[in-house]
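**Student:** I'll drop the sequence and a predicted model, then ask my questions.
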Amino acid sequence: MIMNEHVERMKDEHKEICTKTNALNAFIHGNKIFKALDGSEQARMIKQCGFMESYADTLETRIFVAE
């Protein structure tokens, strides 16, 4: 049962990070404000999005293995 609770927490965390990543991706690719930002800030946001995607992928793998 403890493992099940752990997996459920990972699933919740995965869902949350995916929601945030999708929102950041939408901002980067579809918001005029992003284009108005300094190039360095744009690069940082793109880098952040990449890390978030990697984090989500890692969680997805951990969930798969745990199940």
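**Tutor:** Nice, thanks for sending it over. All figures in this text were calculated on a predicted structure; none of them were measured in a lab.
**Student:** Could you use CA atoms for every contact and neighbour count after this?
**Tutor:** OK.
**Student:** And for residue 21, the neighbour number?
**Tutor:** Residue 21 is flanked by 19 other residues according to other C-alpha atoms under 10 Å.
**Student:** Please report phi then psi for it.
**Tutor:** Backbone dihedrals for residue 21, given as degrees, to the nearest 10, come out at phi -70, psi -40.
**Student:** Isn't it up against residue 47?
**Tutor:** No - counting by C-alpha atoms under 8 Å, residue 21 stays clear of residue 47, with 11.6 Å between them.
**Student:** ranges for the helices of the chain?
**Tutor:** Under the criterion DSSP state H, the chain contains helices at 2-30, 32-36, 39-66.
**Student:** tell me which helix or strand of this structure sits lowest on mean pLDDT?
**Tutor:** Every helix and strand of the chain was ranked by mean pLDDT, DSSP states H and E. The lowest is helix 2-30, at a mean of 95.
**Student:** Tell me what angle that one forms with helix 39-66.
**Tutor:** Inter-element angle recorded for helix 2-30 and helix 39-66: 150 degrees (by axes from the mean of the first three to the mean of the last three C-alpha atoms, to 10 degrees).
**Student:** Tell me the helices and strands packed up against helix 2-30.
**Tutor:** Counting contacts by 3 or more C-alpha pairs under 8 Å, 6 or more residues apart in numbering; DSSP states H and E, helix 2-30 packs against helix 32-36, helix 39-66.
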